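K.L.:
One predicted model, sequence on top.
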Amino acid sequence: GGRPPPARATGRRPAAQMPSRTVTLASPPVGYHLAALGVYALMLEKIGYEVKVVDTLNHPEMYTHLTGEGGAEVTIDVVVSSDLPVNHDRWLAPYAEDIRVLGTCNELTHVVIAAPSYTIEELGVSSIADVRGTQGIEKTVLSYAAELCPVCRTMAESLTKKGNALEGFSSKELPLEDLKAAIQERIDNKRHFLVTWFTPTATELRFPQIRALSGSVRGENVFPGDNQGKVIARADALERMSEDARTLLGGIFVGNDGLREMDRDMSDNGVTYREAAAQWMARNERTVDMWLWGLGGCNEGAGAKTKRAADGDEADRQLRARRA
């Protein structure tokens, strides 16, 4: 028997209880998810919204407050950076008819098994299928703790089962800082090891020598499929949003590079996700201006327009000079 049909969400707020320019955004409390949350919250504030955030609940509990599963109170309107169609579908699939996709935050999110480049090159290991028959690789797969990456645990447990690609291996979950220290120690000592790896994170920037293995085993991919970071909302919450908010949420695209940068600022510089988002937006002012184009009074002011025009004139002058 499959999963029983879910009970429909019961705690939904009537439209009258929600001020027209108030919205509750949420994301799991993980670096790149929080980076996205900061950007979307700040952008909505730019068009006059009061934004409440839910930023401390791990994936399963957070999603119950979007869907109402198990009788949970529905308090979340929008989830940003929801990894779909694979990773987060486990919490959303029974409620798909009540959920709407507004836009895309980033282009690719995936979870894989990875190894250092020297392991791949020295031992000739390029795919997960190569691992079991290769001597010298440590039998413990390092992994993110489940609260950071629930899919990492699921994948590692599946792959290490009897008869599967990593039979005879075990996985070891570590908090983020411990995981980074364990990876660094192994790299420093040229140890051959495996680690669960996901995109996009600051850890990728810190350890560029870690490379994904192919998930192909007998022609079948054993890794979870690729995702995009989607912006999703409850259908009833979407109906209460103003047109400019819906347009803005659909038009923002941060991308993996931006999320990695903000994640790095949070982990290395100790700034909050909101501060990291504000700093990234300041470094990418033109991108922010493009997101706001056409949204009434939020277009750039006369001074910015004059500077932009002057920049364009100078670029044209330089181009004509090169062609002369």
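P.N.:
Structure received.
K.L.:
Check what pLDDT the closest residue to Thr272 other than its chain neighbours gets.
P.N.:
When the adjacent residues along the chain are set aside, Thr272 lies closest to Met266, with 7.2 Å between them (Cβ to Cβ, 6 or more residues apart in numbering). C-beta here means a position set from N, CA and C on the backbone, and glycine is covered the same way. Note for Met266: predicted pLDDT of 95.
K.L.:
which residues are in contact with the helix or strand hosting Met266?
P.N.:
Using DSSP states H and E, the element containing Met266 is helix 256-269. Residues from elsewhere that reach helix 256-269 (Cβ atoms under 8 Å, 6 or more residues apart in numbering): 31-32, 34-36, 38-39, 81, 105-108, 176, 199-202, 204-206, 229, 271-273, 275-277, 279-280, 284.
K.L.:
what sits against Val288?
P.N.:
Val288 sits in contact with 43, 281, where contact means Cβ under 8 Å, 6+ apart.
K.L.:
quick check, it in a helix?
P.N.:
Yes - judged by DSSP: H, G, I helix; E, B strand; the rest coil, Val288 forms part of a helix.
K.L.:
The host helix or strand of Leu248: which residues count as buried?
P.N.:
Per DSSP H and E, Leu248 falls inside helix 243-251. Residues of helix 243-251 classed as buried by neighbour count (16 or more other Cβ atoms under 10 Å): 244-249, 251.
K.L.:
Can I get those residues in TSV including pLDDT and distance to Ser143?
P.N.:
Listed next are the buried residues of helix 243-251 as TSV, based on pLDDT from 0 to 100; distance: Cβ to Cβ, whole Å:
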residue	pLDDT	distance to Ser143
Asp244	93	42
Ala245	95	38
Arg246	94	38
Thr247	95	40
Leu248	96	37
Leu249	96	33
Gly251	95	36
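K.L.:
Number of residues surrounding the residue nearest to Cys149 when sequence neighbours are not counted?
P.N.:
Spatial nearest neighbour of Cys149, excluding adjacent residues (Cβ to Cβ, 6+ apart): Phe198 at 5.8 Å. Neighbours of Phe198 under the rule other Cβ atoms under 10 Å: 25.
K.L.:
Which residue ranges of the stretch 1-150 of the chain form strands?
P.N.:
Applying DSSP state E, counting those that start in this stretch to the stretch 1-150 of the chain gives strands spanning 22-26, 50-54, 78-84, 99-116, 140-144.
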